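**Student:** Just to be clear, the model below is a prediction. Sequence and coordinates:
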Amino acid sequence: MSSIVAGYGKTTQILRRPFRTYYGELDRLAVGCDAVLVMGYGFGDIHLNMAFEHFRNGRRRPAVVIDYAPDSARTAGGIEWNEIHRTVTSAMGVLDTRQKSMRWLGHEAPGTVRDLKKLKAFELSSDPETPMAIWYGGMVAACEHPQKVLDMLQ
């Protein structure tokens with residue numbers, strides 16, 4: 001989607017054309033897609049999140065979230081829901097992925113993203129029904145490793 005509605009009155013603006021058409025198309029694409037790749041979105045807009053409320057809908061569809069987190073940030077499996085870095089917890093909620101299913105480098109216990117970033121690795125969901133991969137190194141680093149991202153979308 002190429003248009004962004006920002007500022008005051010966003011909810012009213014998206015009900016008008018052309019934005020209503022764009023959001024209708026987003027709803028259609030989210031239900032019909034085979035996988036989803038999210039880059040640069042913090043999952044803070046309810047009108048966008050609603051497009052993904054039926055994303056899983058009993059289908060096994062991979063979700064990949066490209067995000068940036070400081071080295072000291074905790075991985076999704078160990079993050080507190082009220083921490084400042086809410087993108088990953090919001091993504092798990094919107095994309096229906098259990099927090100306790102997240103694993104990093106084979107570990108179940110909470111860890112920091114430092115090692116994942118150093119190895120250019122994803123944190124992964126261990127639940128085969130709700131595959132999710134989270135990249136903490138940011139968009140530039142993810143673009144330097146496109147095959148890793150593509151492999152997660154399979």
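**Tutor:** The structure has been received and is ready for your questions. Everything numeric in this text was worked out from a predicted model, so none of it was measured.

**Student:** In three-state terms, label the residue nearest the centre of the chain for me.
**Tutor:** When C-alpha atoms, centre = their mean is applied to the chain, the residue found nearest the centroid is V65 (3.5 Å). Reducing the assignment at V65 to three states with DSSP: H, G, I helix; E, B strand; the rest coil gives strand.

**Student:** close enough to count as contact, it and I134?
**Tutor:** Yes: using C-beta atoms under 8 Å, V65 is in contact with I134, at 4.8 Å. Quick note: C-beta positions are derived from backbone N, CA and C, even for glycine.

**Student:** Domain boundaries for this protein, per the record?
**Tutor:** The chain is divided into the following domains under automatic domain parsing: 1-32, 34-152.

**Student:** Kindly reformat those domains as CSV containing mean pLDDT.
**Tutor:** Formatted as CSV, the entries for these read as follows, by pLDDT from 0 to 100:
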stretch, mean pLDDT
domain 1-32, 68
domain 34-152, 87
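
**Student:** out of these, deepest packed?
**Tutor:** Between those, domain 34-152 has the highest mean count of neighbours, a mean of 17, where neighbours are mean count of other C-beta atoms under 10 Å.

**Student:** What's the separation between E129 and N49?
**Tutor:** To N49, E129 is 21 Å away according to C-beta to C-beta, to the nearest Å.

**Student:** can you tell me which residues contact the closest residue to N57 other than its chain neighbours?
**Tutor:** With C-beta to C-beta, 6 or more residues apart in numbering as the criterion, N57 has its nearest non-adjacent residue at 7.1 Å, and that residue is V31. Shown in contact with V31 (C-beta atoms under 8 Å, 6 or more residues apart in numbering): H54, F55, N57.
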